[in-house]
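*Asks:* let's see this in three dimensions:
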Amino acid sequence: LAVEIGRTELGNAEGFSGDQFLSFEKASLSVRLMPLIFQQQVKVGTASLDGLAVNLQVASNGTTNWDDLAEGGGTAAPDADEEPGAATEFDVANISVSNANASYADAQSGSSYAISNLSFQTGRIAAGVPIDLTAEFDFDSSPGELGGHLAMRGTASMSDGAAQVSLSGLNISGNLRGLVSEPTEFNFDSREINVDTEAQSVNAGEMDLMVLGLSMSADVAPFSYAGTPQPTASLTVSPFSLKELMEVLDIAPPVTADPDALQRVSFSANAAVGETALALTAMTLELDQSTMTGSLSVPLTESGALQFNLGVDAIALDGYMAPADDSVVAADEEAGDIEIPVDLIRTLNANGSFKIDRAFLSGMEFENLELGVNSSGGRLRLHPLAADFYDGSYSGDVRIDASGDVPSVSANENISGVNLASLAA
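*Replies:* Next up is the predicted model:
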């Protein structure tokens, strides 16, 4: 038995733009009758749909152009005494959707989303048979003007009753517009994602992402999606040039005294998403010849505090400075007072420690540098503030109070034991 339907339209609700809510050019379906009659098996050939167009709209008063479709009577409840029949087996050769378009416009929020030129195909769909999936489409969104073209492929499978669902070999690739001024390539790969619907858990495993010229990978540990999901993962960012990334982001990279500075950056950490914070532990950031390690906690709530404990082995700061320029030096000597960043301090909620084992600046060597930061309620304290250099040491305690209308600064600084002969050498 074969069925084919030509051009079909479903009119739009009154008060919304556009004549159609839904339309398609052609739909076709074929079903084998004998297996259905004698074996209760539904065996379908290719189920195809061409030229589907869906127009979804939300009016400024919150009503939608599909409200009237949901007002129809509900299905009758099954008779409690009715004996359930034998389960019907389904076997579909494949599903094909071509030239599909869908749009969503929300007059309340001013947002709109559109998918165009969608094609979607599956392999055979039957119990116990992995299902090959492919799709390709263009998309646009506003505000933000994010858009692009994406292609997807993967293989899905599920157990009886869909207690176990898996998606293997997932790849999403294409190009994105709107992230930066020029389109950028995008690629996402996942080895296998397993979902246990009974235990409400996900095992996402290993995955790779490439965007903006950055190559990143993650190994996500199994987690529950019941309640608030709190996944954990190990993260790695492959080495990249920070200057090149800044150019991609339409940011002019700084001119550095060492032209090779900021040319090699890599990152790794263990990440954990909690209810109130994103925690990065066992973190390693390599910047050229320097290595920073430690931990970082980024708040996910307005009242949360940024917490960090970071340390650098050694860094030559001169290479990251601007090249020497006598005119700049003269201008600096004529510079006036330094403005206190009161707006930043009033909003900053942070607590942490930053240490550097060795630092080189202007021909001078410093050791055991330490900066403690404690800021909340518009009050910032830099303590401990310390460094060792030339057989002596520096220690300081700086406080900035920006909680009132007029900010105030207090400082207690001390330098002792410095060998002036070594310093002048």
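*Asks:* okay, CA-based contacts and neighbour counts for the rest of this
*Replies:* Fine.
*Asks:* quick one: the residue lying closest to residue 119 once chain neighbours are set aside and residue 2, what's the gap?
*Replies:* Distance criterion CA to CA, 6 or more residues apart in numbering; nearest residue to residue 119, sequence neighbours excluded, is residue 98 at 4.4 Å. Per CA to CA, to the nearest Å, residue 98 is found 19 Å from residue 2.
*Asks:* do residue 9 as well
*Replies:* 21 Å.
*Asks:* please apply the same query to residue 265.
*Replies:* Taking CA to CA as the measure, residue 265 falls 61 Å from residue 2.
*Asks:* same deal with residue 128?
*Replies:* Counting by CA to CA - residue 128 and residue 2 are separated by 26 Å.
*Asks:* on that earlier part again, so what pairs up with the residue nearest to residue 119 in the strands?
*Replies:* residue 50 (DSSP bridges).
*Asks:* who's in contact with it?
*Replies:* Contact analysis of residue 98 by CA atoms under 8 Å, 6 or more residues apart in numbering lists 49, 50, 51, 52, 117, 118, 119, 120.
*Asks:* one more time with 10 Å, if that's ok
*Replies:* The contact partners of residue 98, taken as CA atoms under 10 Å, 6 or more residues apart in numbering, are 48, 49, 50, 51, 52, 117, 118, 119, 120, 121, 135, 136.
*Asks:* going along the chain, name the strands of the stretch 301-425 of the chain.
*Replies:* 306-316, 350-361, 364-376, 379-389, 392-401, 408-416 (DSSP state E, counting those that start in this stretch).
*Asks:* packing partners for the fifth one?
*Replies:* Other elements packing on strand 392-401 under the criterion 3 or more CA pairs under 10 Å, 6 or more residues apart in numbering; DSSP states H and E are helix 342-347, strand 364-376, strand 379-389, strand 408-416.
*Asks:* in it, what counts as buried?
*Replies:* Using 16 or more other CA atoms under 10 Å as the burial criterion, the residues of strand 392-401 that qualify are 393, 394, 395, 396, 397, 398, 399, 400, 401.
*Asks:* give me the below-cutoff pLDDT ranges for the stretch 301-425 of the chain.
*Replies:* Applying pLDDT under 70 to the stretch 301-425 of the chain picks out residues 326-336, 425.
*Asks:* and the helix or strand that contains residue 153, what does it pack against?
*Replies:* Per DSSP states H and E, residue 153 falls inside strand 147-158. Applying 3+ CA pairs under 10 Å, 6+ apart, we find strand 147-158 packed against strand 111-122, strand 125-126, strand 131-142, strand 164-177, strand 184-196.
*Asks:* worst average pLDDT in those?
*Replies:* Mean pLDDT values for the helices and strands packed on strand 147-158 show the minimum at strand 125-126, a mean of 86.
*Asks:* partners of that strand, with directions?
*Replies:* strand 89-106 (antiparallel).
*Asks:* buried stuff in the partner strand?
*Replies:* 91-92, 94-106.
*Asks:* same question for stretch 343-363.
*Replies:* In terms of neighbour count (16+ other CA under 10 Å), stretch 343-363 has its buried residues at 345-346, 348-359.
*Asks:* now the two most distant members of the residues you listed.
*Replies:* The most widely separated members of these, counting by CA to CA, are 346 and 358 (32.0 Å).
*Asks:* now the strands of the stretch 301-425 of the chain in a markdown table, with distance to residue 194?
*Replies:* What follows is those, written out as a markdown table (distance: least, CA to CA, whole Å):
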| stretch | distance to residue 194 |
| --- | --- |
| strand 306-316 | 34 |
| strand 350-361 | 38 |
| strand 364-376 | 43 |
| strand 379-389 | 47 |
| strand 392-401 | 52 |
| strand 408-416 | 56 |
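*Asks:* and residue 301, how many neighbours does it have?
*Replies:* 10 (other CA atoms under 10 Å).
*Asks:* out of everything not next to it in sequence, what's closest to residue 229?
*Replies:* Leaving aside its chain neighbours, residue 229 sits nearest to residue 223 (7.2 Å; criterion: CA to CA, 6+ apart).
*Asks:* was I right to think that neighbour contacts residue 274?
*Replies:* No - Residue 223 is beyond contact range of residue 274, at 11.8 Å (criterion: CA atoms under 10 Å).
*Asks:* mind listing what the spatially most central residue of the chain touches?
*Replies:* By CA atoms, centre = their mean, the chain has its centre lying nearest to residue 209, at 10.3 Å. Counting by CA under 10 Å, 6+ apart, residue 209 makes contact with 171-173, 186-190, 215-218, 237.
*Asks:* how much space separates the residue lying closest to residue 318 once chain neighbours are set aside from residue 231?
*Replies:* Excluding the flanking residues, the one nearest residue 318 by CA to CA, 6+ apart is residue 361, at 5.4 Å. As judged by CA to CA, residue 361 and residue 231 stand 42 Å apart.
*Asks:* follow-up on the earlier one: between the strand holding residue 153 and strand 184-196, how many degrees?
*Replies:* Calculated by axes from the mean of the first three to the mean of the last three CA atoms, to 10 degrees, strand 147-158 forms an angle of 20 degrees with strand 184-196.
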